[in-house]
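Engineer: Next comes the sequence, and after it the predicted model I'd like to discuss.
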Amino acid sequence: MSRRSRPAKRETAPDVRFNSVLVARFINRMMRNGKKSVATAAIYDAMDMIEARTKRNALEVFEKALQNAMPVIEVKPRRVGGSTYQIPVEVPSHRRMTLGARWLLASAQARPGKSMSEKLAAELIDASQGVGNTIKKKEDTHKMAEANRAFSHYQW
């Protein structure tokens, strides 16, 4: 284990359109090869589509979708006496947002559709309503943790 101290967490500046740190972190998560302008344009187009389709504030739909996608508990492998157990652990808040955003983007990319902004808008709308692949992934994670609750005494 490293003897050096961990670097301080950097503060993310809010995005320019919604003045939201969550949207800025989502843009950073979506970005590929340093192309932030492409990721920003795709997310803002998706937000415009969300407002047009749902007639609700796009930021509220986005926050509700992200809240629904964030897992509360996950399993981590732990090796005990030659066998590996899946031990349920509570997810820290910074990892919750990361996992939720990662699952939303992966589900949006897997969707059939024309542009990434259309796929992302559809996935965000579905996740805000509690349906879709992202919510299924979260529920599967929770079910696996519930099934392995007997091994929770192996926590470290």
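Structural biologist: That came through, no problem.
Engineer: Grab the most central residue of this protein for me.
Structural biologist: Gly100 (1.6 Å; C-alpha atoms, centre = their mean).
Engineer: Tell me how far the helix or strand hosting that one lies from the chain's centre.
Structural biologist: Assigned by DSSP states H and E, Gly100 belongs to helix 93-110. Averaging C-alpha positions (C-alpha atoms, centre = their mean, to the nearest Å) puts helix 93-110 2 Å from its chain's average.
Engineer: For it, output the C-alpha coordinates as PDB.
Structural biologist: This file holds the C-alpha atoms of helix 93-110, laid out as PDB (Å, rounded to 0.1, in the frame of the first residue of the first chain):
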ATOM      1  CA  SER A  93     -21.900   8.900  -2.400                       C
ATOM      2  CA  HIS A  94     -19.200   9.900  -4.900                       C
ATOM      3  CA  ARG A  95     -19.200   6.300  -6.300                       C
ATOM      4  CA  ARG A  96     -23.000   6.300  -6.500                       C
ATOM      5  CA  MET A  97     -23.000   9.200  -8.900                       C
ATOM      6  CA  THR A  98     -20.200   7.700 -11.000                       C
ATOM      7  CA  LEU A  99     -21.900   4.300 -11.300                       C
ATOM      8  CA  GLY A 100     -25.300   5.900 -12.100                       C
ATOM      9  CA  ALA A 101     -23.800   8.100 -14.800                       C
ATOM     10  CA  ARG A 102     -21.700   5.200 -16.200                       C
ATOM     11  CA  TRP A 103     -24.800   2.900 -16.400                       C
ATOM     12  CA  LEU A 104     -26.900   5.600 -18.000                       C
ATOM     13  CA  LEU A 105     -24.400   6.300 -20.700                       C
ATOM     14  CA  ALA A 106     -23.800   2.600 -21.400                       C
ATOM     15  CA  SER A 107     -27.500   1.900 -21.700                       C
ATOM     16  CA  ALA A 108     -27.900   4.900 -24.000                       C
ATOM     17  CA  GLN A 109     -25.100   3.800 -26.200                       C
ATOM     18  CA  ALA A 110     -26.600   0.300 -26.400                       C
END
